[in-house]
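Engineer: Sequence and predicted structure, then a few things I'm wondering about:
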Amino acid sequence: MNTPKIRVGIIGAGFVGSALVQLLSDESRHVALVDAAMAPLEVVGVAVRDPKKVRPGIDTRLITSDALALAKSEGVDVIVELAGGVESARSYVEAALSRGVSVVTANKALMAECGTALAQLANQNGADLFYEAAVGGGVPILRSLRTSLAGERIERVMGIVNGTTNYILSKMTDEGCDYHSALAEAKALGFAEADPTADVEAFDAAQKVQILSSLAFGTELRGELISREGITGVRAVDIDYATRAGYVIKLLGVAERVGEHGISRRAHPTLLPAEHPLASVHGALNAVFVEGAKSGPLMWLGQGAGGEPTATAVLGDLLYVARNKVNGRHDVPFSVDDQLLSVDAGDVASAFYISLDVRDEPGVLASVAGVFGHNDVSIQSMEQSGIADEARLSFLTHCAVTRNVHATMDELSKLESVDCIGACFPVIDGRVS
Ligand SMILES: NC(=O)c1ccc[n+]([C@@H]2O[C@H](COP(=O)([O-])OP(=O)(O)OC[C@H]3O[C@@H](n4cnc5c(N)ncnc54)[C@H](OP(=O)(O)O)[C@@H]3O)[C@@H](O)[C@H]2O)c1
C-alpha cells in the first residue's frame with residue numbers, strides 16, 4: 001500500500017499504553033491493522049514520566065520525557081493520551097487538537113471535567129476526539145451510543161461501570177462477608193487501589209455516567225458535580241435483606257429522562273430485582289444497560305479494566321481515527337442539547353429500601369411510622385429483626401420523592417429510639433410502585 005503512514009505519538013506507557021504498543025507491534029495482526037486503518041500505523045514516540053524505567057517491548061529510542069513536545073510535534077498525526085490525571089493531560093490534548101491533530105484518550109476524569117471544551121476544540125480544528133476506553137474499559141458502549149444508536153431516543157442508561165465496587169458487592173453477596181474484608185481481598189487481588197476512595201465513594205462511577213449521558217442525551221461535560229453515594233455504608237444485613245426480598249445491591253450509574261427536557265444523573269447503591277439483566281453481572285465485570293424508545297432494552301457486558309481489554313478499545317479508536325484521516329474527514333464527538341435541564345436528585349421519584357437500627361422497646365414502630373407518614377412516604381412492607389443491640393427495622397417504600405425520603409431520614413435520625421440510619425437506597429424497576 002502506498003498510503004503515507006499514520007504517525008502515532010503515545011503519552012503514557014503504563015498498563016494501557018504498554019499493552020497498546022504490544023498490540024500495534026503484533027506482526028500477526030499487521031495486515032488486518034493496515035486494512036482497518038487504510039494506512040500503516042507507526043509509533044513515533046512514547047512519552048513517560050520516568051524515561052529510565054525498563055519497558056520491555058518498547059524501543060528505547062522512542063521514549064521521551066517531554067510529553068508536551070510530542071503533542072506539539074509536526075511529525076505526529078495522532079496523539080494517544082494514556083497518562084491519566086487532568087491538568088497535564090489536558091495540556092497535551094489541547095496542544096494536539098489546537099493544531100488539528102486527532103486525539104484518542106482513555107481518560108474519564110479528563111473527559112468528565114472538560115469534555116465539552118475539548119470536543120469544541122477538536123471540531124473547530126477539524127480533528128477527531130475519541131475516548132471509548134474512558135467508560136467500561138474494553139466494553140464498546142460509547143461507539144454504540146455515538147453511531148448505532150445516534151437516531152434513537154434513549155430513555156435511560158444504567159451501568160455497572162466500576163469493577164472494584166462490583167467485585168466487593170459480589171463478594172459480600174456470594175460469600176456473606178462484610179465490606180472491609182471484601183475490600184481487603186479486592187486490594188490483595190489487584191482489583192482495588194491502595195487508596196480506593198475514587199471507586200468506593202462513587203467518584204469514578206459519577207464521572208462515567210456523565211460521559212454516558214453526554215452521548216445518550218447531549219448533556220454537557222464541564223466537571224459538574226452530580227449526586228453520588230458510595231458503597232462504604234452497605235452492610236452485610238442490607239445484602240441479606242435484599243437477597244431475601246429478591247433483590248441484588250449494585251452500585252449503579254444512572255442517567256435518565258425526567259419529563260420532556262429533564263435529565264437526572266446520579267451514582268449510588270441500588271436495589272435491583274434479581275431477575276434484572278444487570279443483577280447477574282458478577283465480580284469485576286462492567287455492564288451498561290440502555291433503554292431506547294424503539295430499540296427496547298440493550299446490554300453490553302465485559303472487562304471494564306485491565307491493560308489488554310482497555311488497549312483493545314483504544315486501538316479500535318486509533319484505527320477509526322486513522323481511517324478518518326486517510327479520508328480527510330472527522331467526526332463530531334458529541335452534540336450538546338441546549339434545551340436539557342439537569343434535574344436535582346431530590347426531585348426524582350423512586351421506591352426506597354431503608355434500614356434503621358433502633359432501640360428494642362415498645363412504641364418505636366409507631367413513632368417511626370408516623371415520621372414516614374407526615375413526610376408523604378408510604379410504606380410498602382416492613383420487617384422487624386434482631387433483638388437488644390441488634391434490633392432493626394427494614395422498609396420498602398412505595399414510589400416517593402427523594403427529597404421527602406431524605407427529610408424522613410433527617411427526622412428519624414433525631415428520634416431517641418433510632419440509633420442510626422443503616423441504609424437508604426433507591427429501588428430500581430422493583431415490584432413496589
Ligand atoms: N488500567 C485500566 O484498566 C484502565 C481502564 C480504563 C481506562 N484507563 C485509563 O487509562 C489511562 C492510563 O491508565 P493506566 O492504568 O495505564 O495508568 P498507569 O499504569 O498509571 O500508567 C500511566 C503512564 O503515564 C505516564 N505518565 C504519567 N503522568 C505523565 C505525564 N505527566 N507525562 C508523561 N507521562 C506520564 C507514566 O509514566 P511512568 O511509567 O514513567 O510512571 C505511565 O507510563 C488513565 O486515564 C486511566 O484512567 C485505565
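Structural biologist: Right, received. Where do you want to start?
Engineer: Quick check, pLDDT for Ser335.
Structural biologist: With respect to pLDDT, Ser335 scores 88.
Engineer: no wait, Val432
Structural biologist: 54.
Engineer: element containing Arg156?
Structural biologist: For Arg156, the element it lies in under DSSP states H and E is strand 154-160.
Engineer: for Ala369, same thing?
Structural biologist: Going by DSSP H and E, Ala369 is in helix 364-374.
Engineer: what's the next helix or strand after that helix in contact with?
Structural biologist: Later in the chain than helix 364-374, the nearest helix or strand by DSSP H and E is strand 379-385. With contact meaning CB atoms under 8 Å, 6 or more residues apart in numbering, strand 379-385 is reached by 237, 241, 351, 365, 369, 372, 391-398, 432. Every residue, glycine included, has its C-beta placed from N, CA and C.
Engineer: Over to stretch 308-321?
Structural biologist: Under CB under 8 Å, 6+ apart, the answer for stretch 308-321 is 8, 15-17, 19-20, 22-24, 33, 36-37, 41, 78, 80, 82, 102, 104, 106, 128, 130-133, 137-140, 143, 302-303.
Engineer: What are the buried residues along stretch 349-367?
Structural biologist: Ser350, Ala351, Phe352, Tyr353, Ile354, Ser355, Leu356, Asp357, Val358, Val364 (16 or more other CB atoms under 10 Å).
Engineer: That should have said stretch 267-279, apologies.
Structural biologist: Across stretch 267-279, burial judged by 16+ other CB under 10 Å covers Ala267, His268, Pro269, Thr270, Leu271, Leu272, Pro273, His276, Leu278, Ala279.
Engineer: Spatially, which two of the residues you listed are the most separated?
Structural biologist: With CB to CB as the measure, no two of the buried residues of stretch 267-279 lie farther apart than Ala267 and Pro273, at 19.5 Å.
Engineer: and Gly292, bridged to which residues?
Structural biologist: For Gly292, the beta-bridge partners under DSSP bridges are Ile154, Gly296.
Engineer: In the stretch 1-150 of the chain, what residue comes closest to the ligand?
Structural biologist: Nearest residue of the stretch 1-150 of the chain to the ligand (CB to the nearest ligand atom) works out as Gly14 at 1.8 Å.
Engineer: how many neighbours does that residue have?
Structural biologist: Using other CB atoms under 10 Å, Gly14 has 14 neighbouring residues.
Engineer: and what of the one 4 residues further on?
Structural biologist: Here the number of neighbours of Ser18 (other CB under 10 Å) works out to 20.
Engineer: in which helix or strand would I find it?
Structural biologist: Short version, using DSSP H and E: Ser18 is in helix 15-24.
Engineer: go on, Thr408?
Structural biologist: Following DSSP H and E, the helix or strand that holds Thr408 is helix 402-413.
Engineer: on contacts alone, who are the packing partners of that helix?
Structural biologist: strand 349-358, helix 364-374, strand 418-427 (3 or more CB pairs under 8 Å, 6 or more residues apart in numbering; DSSP states H and E).
Engineer: Same list (those) but as CSV, adding mean pLDDT.
Structural biologist: Supplementary listing: the helices and strands packed on helix 402-413 in CSV, determined by pLDDT from 0 to 100:
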stretch, mean pLDDT
strand 349-358, 97
helix 364-374, 96
strand 418-427, 97
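Engineer: nearest to the ligand, of the ones you listed?
Structural biologist: Using CB to the nearest ligand atom, those put strand 418-427 closest to the ligand, at 26.6 Å.
Engineer: List the residues that contact Ala133.
Structural biologist: Val16, Thr105, Ala106, Thr310, Ala311, Ala313, Val314, Asp317.
Engineer: Quickly list the domain ranges of this protein.
Structural biologist: Split into domains by automatic domain parsing, the chain comes to 6-138+307-326, 152-302, 345-427.
Engineer: so how far is Arg235 from Trp300?
Structural biologist: Using CB to CB, to the nearest Å, Trp300 is found at 31 Å from Arg235.
Engineer: Arg49 now?
Structural biologist: Arg49 is 40 Å from Arg235, by CB to CB.
Engineer: Would you mind telling me which of those two has more residues around it?
Structural biologist: Of the pair Arg49 and Arg235, Arg235 is the one with more neighbours under other CB under 10 Å, namely 17 against 12.
Engineer: Please name the residues that touch the more buried one.
Structural biologist: Arg235 touches Asp178, Tyr179, Ser355, Gly422, Ala423, counting by CB under 8 Å, 6+ apart.
Engineer: Make a ChimeraX selection of whichever of the residues you listed turn out to be buried.
Structural biologist: Isolation of the buried members of the contacts of Arg235 (16+ other CB under 10 Å) is achieved in ChimeraX through the command below:
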select :179,355,422,423
